[in-house]
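1. Everything below, folded, please.
(one chain, ligands or ions: 2)
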Amino acid sequence: MRRAFEKSVNTVMAAALMAALAMNAFLVQPAQAANLVAGTFAELAAAITNANDEVNYPGADTITLTAEITLAAALPNVTSEIIVEGEGYALDGGHTYNHFYVVESGDFTVKNLTLKNGNSGYGGSITNRGTLTVLNCTFQDNTGGNSATSGGGAIFNHGKTGGQPTATTNITNSTFSNNSGGLGGAILNWQASTGAVVTIAYSTFSGNSGTYGGADIHSWVGHVNLETSILADVSSGNHCGFTSGSLSDNGYNLVEDATCGSIPAGADPMLGALQDNGGPTWTQALSTGSPAIDVIPNASNGCGTTVTVDQRGETRPSPDAGSCDIGAFEWEYPFTLYLPLILR
Ligand SMILES: [Ca+2]
Ligand SMILES: [Ca+2]
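-> Ligands and ions are numbered 1, 2, ... in the order given. Model (predicted):
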């Protein structure tokens, strides 16, 4: 009898303990990554400050824009893992401020955003010293100084000196239009003693200018991986420039001069103006007959496997199961003819 009573007490206690543990587990459950929104400069600055607070906002946080924002001052540095979802809005630097500065501890992803009118001696739009991922963005009219010791009109990938991690920038499905800088009108990749690596895929560069180095890309000791991208229509200078830097041709690039490593000069890709072609950000369409159309075989360089849409979100490849186009824009076949049905 006593044994049965003890067993009963033990069962009740065990149940209570389980309930307490469950409650406790609920109470001490780690905070989830936050979803923040920003529609003004003050809200964006506050959201970045909050996201960087790893006590109250641990882990990766997403900041979603709800309006076009013009910077009233420099934004706080990105010191943690942050994703900015642009939702097709623009961030305007007012020709005065750069948009983002990512320090060594930062892991920054920006997507579906237009970054325009940024200005800084280095990195007119973004300086990255940590990890930067750019998806479906348009960099437009950014400036990165105009001297032999300035540059990176849009992006400055900033590998620094001893002991610091490699600065890593990955860019996919993005357009760089009318950016300028001393060295690297669009991108300056710079390494002192540790690594600086920029990888660019399915992107379009047009109308950029570099007064003292590459109009699109300048690599200073660091390394650039270039694939499936268009470099065309420089405003002034050569497409690429190097100061002891290097560039790998990882396939299917169309560059209008022979200054980017081993890539031979290609034909005019017949780009349209930067405009709204559908999708969240503006793009430069390919014209009918462009030599950039249907160049990348299905399943090569991610065509139709890891890359299944263009910058606008339109399906790659077009036509279905066909080949992908070079650059950020996939040309759409006007219609599909089902010839066997017609013949029948
Ligand atoms: Ca955080
Ligand atoms: Ca195609």
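2. only C-alpha atoms for contact and neighbour calcs from this point on.
-> OK.
3. Pick out the residue of the stretch 1-150 of the chain closest to ligand 2.
-> The stretch 1-150 of the chain approaches ligand 2 most closely through residue 136 (17.9 Å), counting by C-alpha to the ion.
4. got a list of what that residue touches?
-> By C-alpha atoms under 8 Å, 6 or more residues apart in numbering, residue 136 lies in contact with 111-113, 172-175, 281, 310-312.
5. can you pick the most crowded of those residues?
-> Sorting the contacts of residue 136 by how many neighbours each has (other C-alpha atoms under 10 Å) puts residue 174 first, at 32 neighbours.
6. and the residue nearest the centre of the chain, what are its bridge partners?
-> Geometric centre of the chain, nearest residue: residue 134, 0.6 Å, by C-alpha atoms, centre = their mean. Per DSSP bridges, residues listed as beta-bridge partners of residue 134: residue 110, residue 171.
7. how much space between it and ligand 1?
-> Going from residue 134 to ligand 1 by C-alpha to the ion, to the nearest Å gives 19 Å.
8. my guess is that residue contacts residue 171, does it?
-> Yes: using C-alpha atoms under 8 Å, residue 134 is in contact with residue 171, at 4.7 Å.
9. picking that back up, confidence score at the residue nearest to the centre of the chain?
-> If you check residue 134, the pLDDT there is 99.
10. Please apply the same query to residue 340.
-> On the pLDDT scale, residue 340 is placed at 54.
11. who's in contact with the residue nearest to the centre of the chain?
-> 109-111, 169-172, 174.
12. Show me which residues of the protein sit near ligand 2.
-> 294, 318, 323-325 (C-alpha under 5 Å from the ion).
13. if we look at stretch 151-158, which residues are touching it?
-> For stretch 151-158, contacts defined as C-alpha under 8 Å, 6+ apart pick out 118-129, 139-140, 142-145, 167-169, 176, 179-191, 196-198, 210, 218.
14. List buried residues within those residues.
-> Using 16 or more other C-alpha atoms under 10 Å as the burial test, the contacts of stretch 151-158 include 118-129, 139-140, 142-145, 167-169, 176, 179-191, 196-198, 210, 218 as buried.
15. Just the ones in strands from those, please.
-> Using DSSP state E, the subset of these located in strands is 126-128, 139-140, 143-144, 167-169, 176, 180-181, 187-190, 196-198, 210, 218.
16. From residue 255, how far off is the closest residue to residue 287 other than its chain neighbours?
-> Nearest residue to residue 287 in three dimensions, chain neighbours excluded: residue 270, at 5.7 Å (C-alpha to C-alpha, 6 or more residues apart in numbering). Computed as C-alpha to C-alpha, to the nearest Å, the residue 270 to residue 255 distance reads 12 Å.
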